[in-house]
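J.: Take a look and give me a structure for this.
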Amino acid sequence: MGSIELKGVEKWFGDAQVIKGIDLEITDGEFVIFVGPSGCGKSTLLRMIGGLEEISRGSLIIDGRDATSEPPSKRGLTMVFQSYALYPHMSVRDNMGFSLKTAGAPKAEIEAKVNEAARVLKLHDYLDRRPKDLSGGQRQRVAIGRSIVRDPTAFLFDEPLSNLDAALRVEMRYEIAKLHQTLDSTMIYVTHDQVEAMTLADRIVVLEAGRIAQVGTPRELYERPANLFVAQFIGSPAMNVVEVTTGEGRYTLPGGRGGAWTGSAASRLGVRPEDVTIAAPGEGQLDATVDVLEYLGADTFVILDTAVGRLTVRADGASDLRPGQEIGLVFDETRLHFFDDAGLALAR
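T.: Numbering: from 1, shown residues only. Next up is the predicted model:
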C-alpha cells in the first residue's frame, strides 16, 4: 500500500507562510508530479511529506495512519535527491545495500535485494565499480536502486534529473517511467520542467505561491486549464493570451475582428500555438508580421508582431515563411480559451 493524504497542510517559517493549506489525496501506485515556478513551495511540500520539514499545521495520512509527527525513518518513504549523494569509496553494490546493512539485515537478504534492483535498473555490469567510474545517468540509477532495496511505501523524487545533460534527461525519463510500470509503486516527483511532468505523471499538481492552482491529468491541464496561470505555465511554447471584449454573442479583439462567443463576460482569450493557422493578410482574426523563425525540424515556431502584442504559432517544419512577411492568423474557434477579470477559465 502507498496512499498518501494531505489535510489542510501549512508551513510557516517564522511569520512567512510558504505552504498555504494544501488538501491532496494520492492513491496507491499513482505517479504524481508537483510542478510550478521557482519559489512556489513544491520542494518544501515534498520534504514535509518525507519528514525533512515539520508540518506547521494540518495532517499527513500514510496508508490510513496519522504520520504527521512521525520521524522520517518511521514513514516508510524514501527520497531520491538532485545530488546523487553516493559514498565515493564504496562500490555500487555497497552503496545500494548500505541502508540494509546499517539496519542489520542478513547478508543473503541484502544480496538478493541489491541483485533484484540491479536487474530492474540494468546495473549488473556496474556493481563492482565506484561512483567516479560511472556516468551521471548511471549514478542516478544507483541512487534510485539504493531506494528500491528498502521496498518503500512510496518514492519521493526531488528534481532528480536537474544535473543531467539533455540526452541523459531523455534517457532517464524513460528509465523512471519504466520503473514505475515495473514496480507499480506510489511516486511523488518534483520538477520545474513541464516536459518531465507531462510525459511522466498520472496526475500533475500545479503549485502557485504555496497553493494548488489545479490538479489533473496532463491532458486535462493542457486542454482544460482552470485559470490563466495554469494555461500559460503548461505548454511549450506557452499559450498566447490577448485582451478581448465580449457581448452580443461574439468576442472582439483590438482592431474590431473576432468571432462567436455566447458564454460569460470575458476579458482575455487564450489560443495554443498549434491552434492558429497561417493565412493571407486580411483573413482570420488578426494580421501579423513574421519577426523570428525558430526551426526545430518537424516544427517551426513562428514568432509574430501583431496589434495585440507578440504571438507564437507552431507551423510545419517545411514552412517557407520569412522574417518581415505579412500574414493573417485564423484561430480554431473550437479550441479557444476564455478567462474572466480574475483569470478564471470560463465554460465553453
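
J.: And the contacts of stretch 50-60?
T.: Contact with stretch 50-60 is made by 4-12, 19, 21-22, 44, 47-49, 66-68, 70-72, 75, 77, 79, 156, as judged by Cβ atoms under 8 Å, 6 or more residues apart in numbering. Any C-beta I mention is one placed from the backbone N, CA and C, and that applies to glycine too.

J.: if we go to 6 Å?
T.: Stretch 50-60 has contacts (Cβ atoms under 6 Å, 6 or more residues apart in numbering) with 7-12, 47-48, 66-68, 71-72, 75, 77, 79, 156.

J.: What secondary structure category should be reported for residue 10?
T.: Of the three states, residue 10 takes strand under DSSP: H, G, I helix; E, B strand; the rest coil.

J.: what number of residues lie near it?
T.: 16 (other Cβ atoms under 10 Å).

J.: Next, work out how far apart it and residue 325 are.
T.: 53 Å (Cβ to Cβ, to the nearest Å).

J.: Give the residue spans of the stretch 51-200 of the chain that score low on pLDDT.
T.: Across the stretch 51-200 of the chain, nothing is flagged by pLDDT under 70.

J.: show me where it has helices.
T.: Secondary structure of the stretch 51-200 of the chain (DSSP state H, counting those that start in this stretch): helices at 92-102, 107-121, 136-148, 166-183, 194-200.

J.: closest to residue 289 out of these?
T.: Closest to residue 289 of the helices of the stretch 51-200 of the chain is helix 194-200 (Cβ to Cβ; 29.1 Å).

J.: Please, where are all the helices along the stretch 201-348 of the chain?
T.: 218-223, 228-233.

J.: deepest of those helices, which one?
T.: The highest average neighbour count among the helices of the stretch 201-348 of the chain, using mean count of other Cβ atoms under 10 Å, belongs to helix 228-233 at a mean of 21.

J.: Can you report how many residues lie near residue 126?
T.: By the criterion of other Cβ under 10 Å, residue 126 has 21 neighbours.

J.: What is the neighbour count of residue 172?
T.: For residue 172, using other Cβ under 10 Å, the count is 20.

J.: residues near residue 12, how many?
T.: Using other Cβ under 10 Å, the number of residues around residue 12 comes to 13.

J.: Chain neighbours aside, what residue packs nearest to it?
T.: Computed as Cβ to Cβ, 6 or more residues apart in numbering, the closest residue to residue 12 that is not its neighbour in sequence is residue 56, at 4.4 Å.

J.: quick check: domain ranges of this protein?
T.: Per automatic domain parsing, the structural domains of the chain span 4-232, 238-339.

J.: Single out the most deeply packed of the ones you listed.
T.: Compared across those, domain 4-232 shows the largest average neighbour count, a mean of 18 (mean count of other Cβ under 10 Å).

J.: ok so, going back, rebuild the helices of the stretch 201-348 of the chain as TSV, extending it with distance to residue 283 and mean pLDDT.
T.: Below are the helices of the stretch 201-348 of the chain laid out as TSV (distance: least, Cβ to Cβ, whole Å; pLDDT from 0 to 100):
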stretch	distance to residue 283	mean pLDDT
helix 218-223	26	97
helix 228-233	26	96
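
J.: Find the centremost residue of the protein, please.
T.: When the chain is reduced to its mean C-alpha position, the closest residue under Cα atoms, centre = their mean turns out to be residue 197, at 2.8 Å.

J.: Any chance of JSON lines for the helices of the stretch 51-200 of the chain, columns distance to residue 216?
T.: JSON lines is the format used below for those (distance: least, Cβ to Cβ, whole Å):
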{"stretch": "helix 92-102", "distance to residue 216": "35"}
{"stretch": "helix 107-121", "distance to residue 216": "30"}
{"stretch": "helix 136-148", "distance to residue 216": "27"}
{"stretch": "helix 166-183", "distance to residue 216": "18"}
{"stretch": "helix 194-200", "distance to residue 216": "11"}
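
J.: Now do the same contact list for residue 141.
T.: Counting by Cβ under 6 Å, 6+ apart, residue 141 touches 121, 123.

J.: From residue 180, how far off is it?
T.: In terms of Cβ to Cβ, residue 141 sits 14 Å off from residue 180.

J.: next one: residue 44
T.: 24 Å.
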